[in-house]
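1. Return atomic coordinates for the entry below.
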Amino acid sequence: MGDVNQFIYAKHVFKGFRGRVLEVGSKDYGNTQPFREFFRESEYCGVDLESGKNVDLVVDLEKGPGGLEGQKFDLIIICSVLEHSRQPWVIAKNLSGLLSDDGVLFSAHPWVWRYHKYPDDYFRFSPRGIQSLFDGLDYWLPLLYSTYRAGEFFSFTDDEGIDNKLALLQKDGRKYLPYLQTVMSGTKSKARAEALESNLKNAMQNAFS
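-> Modelled structure (predicted):
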């Protein structure tokens, strides 16, 4: 599932990427982002809690890696998934064991968002929250927020208070933050991080056009 900014980020940062790709929460409900099509030159596996379109393997990552046991992936995509888990730290641990030595984790999860069941809704994640779940990843690309507007990203790395600066304060005293999700990529490989960060900087300079 997820929104278009997840795909916009991926197609810029992972441009030219080749390797084994795992997408967590891949079932197509009609608004799923076309990650599989973008990574068509790579070996691709989509997993979800139930079978359906775009699902290669049914796996409950809260219970273990299941049929993924013993495999390694060069890119793991997990977008709009962890907020729906009762134990996201367990999923994070199981995914960390599936990442190759220079593999990359791409995470996009809500920070400010409405309550939305799938099948239920439990958590919201700051950039630091995601980093704490995947604490074995030493190198992170600049941490971003994205809004609901296509192509609109803000750097948390440059300004940790950027979300508050986007707030609207109304006359009745209510303060509103826009919908925001954390968008970030981490790896154990410094060389891999540096290469991807170059792609990200180019995308930011060109406003993800």
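
2. which residues of the chain score low on pLDDT?
-> Applying pLDDT under 70 to the chain picks out residues 1.

3. Can you get me a residue count around Ala150?
-> 12 (other Cβ atoms under 10 Å). (C-beta placed from N, C-alpha, C; glycine too.)

4. Kindly state the beta-bridge partners for the spatially most central residue of the chain.
-> In the chain, the centroid-proximal residue (Cα atoms, centre = their mean) is Ser107; its distance is 1.9 Å. Ser107 forms beta bridges with Ile78, Met184, as assigned by DSSP bridges.

5. Need the residues that contact the helix ranked longest in the chain.
-> When the chain is parsed with DSSP state H, its longest helix is helix 190-205. Applying Cβ atoms under 8 Å, 6 or more residues apart in numbering, the contact partners of helix 190-205 are 9, 12-15, 102-104, 138-142, 153, 155, 185-187.

6. could you list every residue that touches the residue nearest to the centre of the chain?
-> Contacts of Ser107 by Cβ under 8 Å, 6+ apart are Ile78, Cys79, Leu82, Ile130, Phe134, Thr182, Val183, Met184, Ser185, Gly186.

7. is it true that Thr32 touches Gly2?
-> Yes: with contacts counted by Cβ atoms under 8 Å, Thr32 reaches Gly2, the gap being 7.3 Å.

8. For the residue nearest to Trp113 when sequence neighbours are not counted, give its distance to Ala191.
-> Leaving out its chain neighbours, the residue that sits closest to Trp113 by Cβ to Cβ, 6 or more residues apart in numbering is Tyr179, at 5.8 Å. Note on Tyr179: its distance to Ala191, by Cβ to Cβ, to the nearest Å, is 35 Å.

9. who has more neighbours, these two?
-> Neighbours were counted for Tyr179 and for Ala191 using other Cβ under 10 Å; Tyr179 has more, 15 against 10.

10. ok, now which ones touch the more buried one?
-> Neighbouring residues of Tyr179 by Cβ under 8 Å, 6+ apart: Pro110, Val112, Trp113, Arg114, Thr147, Tyr148.
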